[in-house]
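Enquirer: I'd like to go over a predicted model; first the sequence, then the structure.
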Amino acid sequence: MATEHLAAPMPGVFYRRSDPDEPLMVEIGDDVSEGDTVALIGVMKNFHDITAPHDGTVTDILVENEGEVEAGQKLIELTIED
């Protein structure tokens, strides 16, 4: 098994849900498939999807919901089957 970190492609605000009334996109322990949207980065009222690059399991979420992030900052840790 390998560990991969999903990083912020740009500075902005990290969102774990698409709307305040919606459930969280992922939780620790959730299995995700390649291409699944796992979070959003908001920049000036534009939202950019953070997607899983591979099938895997979410093993850690490194940023609080609605926390400010910098470009390249690690957001989510995935465990990937080799």
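Expert: Perfect, thanks for sending it.

Enquirer: going forward, measure contacts between C-alpha atoms and count neighbours the same way
Expert: Fine.

Enquirer: residues contacting A2?
Expert: For A2, the contacting residues are T79, I80, E81, D82, by C-alpha atoms under 8 Å, 6 or more residues apart in numbering.

Enquirer: Next one: the nearest residue to H54 once chain neighbours are set aside relative to M10, how far apart?
Expert: In space, and not counting its chain neighbours, H54 is closest to E34: 4.2 Å by C-alpha to C-alpha, 6 or more residues apart in numbering. As for E34, its distance to M10 is 21 Å (criterion: C-alpha to C-alpha, to the nearest Å).

Enquirer: Which one's more surrounded, these two?
Expert: Applying other C-alpha atoms under 10 Å to E34 and M10 shows that M10 carries more neighbours, namely 15 against 11.

Enquirer: contacting residues around the residue sitting nearest the centre point of the chain?
Expert: Centroid-nearest residue in the chain: A39, 3.9 Å away (criterion: C-alpha atoms, centre = their mean). Contact analysis of A39 by C-alpha under 8 Å, 6+ apart lists F14, Y15, R16, R17, S18, M25, V26, D49, I50, T51.

Enquirer: Many thanks, have a good one.
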